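Novice: 3D model of this:
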Amino acid sequence: MSYYQHHVFFCVNQRGNCEGCCNDYHAQAMRDYAKARIKELKLSGKGKIRINNAGCLDRCNEGPVIVVYPEEVWYTYVDQEDIDEIIESHLKNGQIVERLKI
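Specialist: Okay, here's the model as predicted:
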């Protein structure tokens, strides 16, 4: 059994020569928002959800990315509303958000 129900990695990488790096899309702010929201909903901790920073996940051409384990679902996002939808649909209710899946 996994230590966490869901482990979410936000690429927050910023390469000097990369067009479209995740951090160009405010990835750190989106990760911070997700982490705070999960804590606010009391969904963080052992057996629940963990939000982490990740270095480059090597999908720069697909916009900002996150990956959710153990399902290995990759998402892109535009704003906090997209993050909220991933939290509500996938992390809380187990429904993959097809429109954001990559």
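
Novice: which residues of the protein fall in helices?
Specialist: 27-40, 80-85 (DSSP state H).

Novice: Who is the residue nearest the centre of the chain paired with across the strands?
Specialist: Nearest to the geometric centre of the chain sits I66, at 3.7 Å (C-alpha atoms, centre = their mean). In this entry, I66 is beta-bridged to F10, Y75, by DSSP bridges.

Novice: Enumerate every residue touching it.
Specialist: By C-beta atoms under 8 Å, 6 or more residues apart in numbering, the contact set of I66 is V8, F9, F10, C11, W74, Y75, Y77, I86. For the C-beta atoms, the positions are set from N, CA and C on the backbone; glycine is no exception.

Novice: Can you verify my assumption that I49 contacts H6?
Specialist: Yes - I49 lies in contact with H6 (C-beta atoms under 8 Å); the separation is 4.7 Å.

Novice: Find residues that contact each of those two.
Specialist: L91.

Novice: low pLDDT regions in the chain?
Specialist: 1, 16-19 (pLDDT under 70).

Novice: one step back: which one of the helices of the chain lies closest to D58?
Specialist: helix 27-40 (14.3 Å; C-beta to C-beta).

Novice: what's the closest one packed up against?
Specialist: strand 6-11, strand 49-54, helix 80-85 (3 or more C-beta pairs under 8 Å, 6 or more residues apart in numbering; DSSP states H and E).

Novice: chain center to the first one: distance?
Specialist: Yep, that's strand 6-11 we're talking about. 5 Å (C-alpha atoms, centre = their mean, to the nearest Å).
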